[in-house]
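K.L.:
Provide a 3D model corresponding to the input given below.
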Amino acid sequence: MTLDDDWITELCEEGGSAFSLKGRGKLFDQRSKFQHIEVYDTEAYGKLMMIDGFTMLSSRENFLYHEMMSHPALFVHPAPRKVAIIGGGDCGTLHEVLKHDEVEQAVQIDIDEVVTRAAEAHFPELCVSNQDPRARLLFDDGIQWMKDAAPGSLDVIIVDSTDPIGPGEVLFTPEFHAACHRALGAQGLMVQQSESPLIHSDILERLYRSLLDAGFGKVDTLFFPQPIYPTGWWSATIGAKGLDLEDFRQTDVENRGFETRYYNTDIHRAAFAHPEFFKRQRKKWMAQ
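P.N.:
Below is the predicted model of the structure:
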């Protein structure tokens, strides 16, 4: 991350690109035991959170990520009652999950409490469900928590992690995915943010192989725009046990009793449409 006068810039070395926002000052700056968390005010995107120099979310566009990390998976599952969120310290995904009345418990396990405290102070709209009696916030090691989870105790696992570096690296390993598979019920699924399909095919391939090796019978990827992330095009990859990922509760989506800004029935279908280059890659990964 670089600062040039009032411009806040994230450099993406692997993509040969950069993303900049015009800033209006820094609002928060703290180094935790794990990472460096900053919050800026910007002219066009509201508040901006950065971790270790990488853009995480802004007031203007975070709904794209949080809705697509939660609603597609929850509407694919026939009855998502027990949900675990690994990471997600800004609490935006938790807020979207708890819009679903059928969810009885949502546990969020993020290793860094500082991220949540910064979100509570500067993104309070994302934290409005933190006091929901169905919510449980833990600040702990997500991989160890998943290892200790009772077999078959969860319906949906959402891995809302940072990039696979630093604290987020362990969440992209076969050991972690095997623990997730064991913790899920017979019709369980997990969804994990899986970077940009344009420049991170190596990460996606690694994730596919890991999920398949862990025993997930179905693996697929959904796509959505993400303006502040490298290339502006992002993905989430789902591994399912005993579920067909092509099926979802369409009537429930259409009759949902809560508001979304991006997600709807058409977006759900379109998100799983694969470009030709990705079809070829996925076919190769699935044939391992």
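K.L.:
please look at Ser235 and Thr221 and confirm they touch.
P.N.:
Yes. Between Ser235 and Thr221 there is a contact under Cβ atoms under 8 Å: 5.2 Å. C-beta: built from backbone N, CA, C; applies to glycine.
K.L.:
okay, and the common contacts of these two?
P.N.:
194, 197, 204 (Cβ atoms under 8 Å, 6 or more residues apart in numbering).
K.L.:
can you redo these as JSON lines with secondary structure and pLDDT?
P.N.:
Formatted as JSON lines, those follow (DSSP: H, G, I helix; E, B strand; the rest coil; pLDDT from 0 to 100):
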{"residue": "Ser194", "secondary structure": "coil", "pLDDT": "95"}
{"residue": "Pro197", "secondary structure": "coil", "pLDDT": "96"}
{"residue": "Leu204", "secondary structure": "helix", "pLDDT": "95"}
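K.L.:
quick one, helices of the stretch 1-150 of the chain?
P.N.:
Along the stretch 1-150 of the chain, counting by DSSP state H, counting those that start in this stretch, helices occupy 62-76, 92-97, 113-122, 142-148.
K.L.:
over to the stretch 151-288 of the chain?
P.N.:
Under DSSP H, counting those that start in this stretch, the stretch 151-288 of the chain gives helices at 174-183, 201-213, 250-254, 265-271, 276-286.
K.L.:
outside of the second one, which residues touch it?
P.N.:
It stands for helix 201-213. Outside helix 201-213, the residues that reach it (Cβ under 8 Å, 6+ apart) are 164, 172-174, 177-178, 190, 192, 194-195, 197, 219, 221, 235, 237, 239, 281-282, 285-286, 288.
K.L.:
are any of those residues buried, and if so which?
P.N.:
164, 172, 177-178, 190, 192, 194-195, 197, 219, 221, 235, 237, 239, 281-282, 285 (16 or more other Cβ atoms under 10 Å).
K.L.:
quick check: end-to-end length of stretch 48-62?
P.N.:
Stretch 48-62 has an end-to-end distance of 10 Å (Cα to Cα, to the nearest Å).
K.L.:
brilliant, that's me finished.
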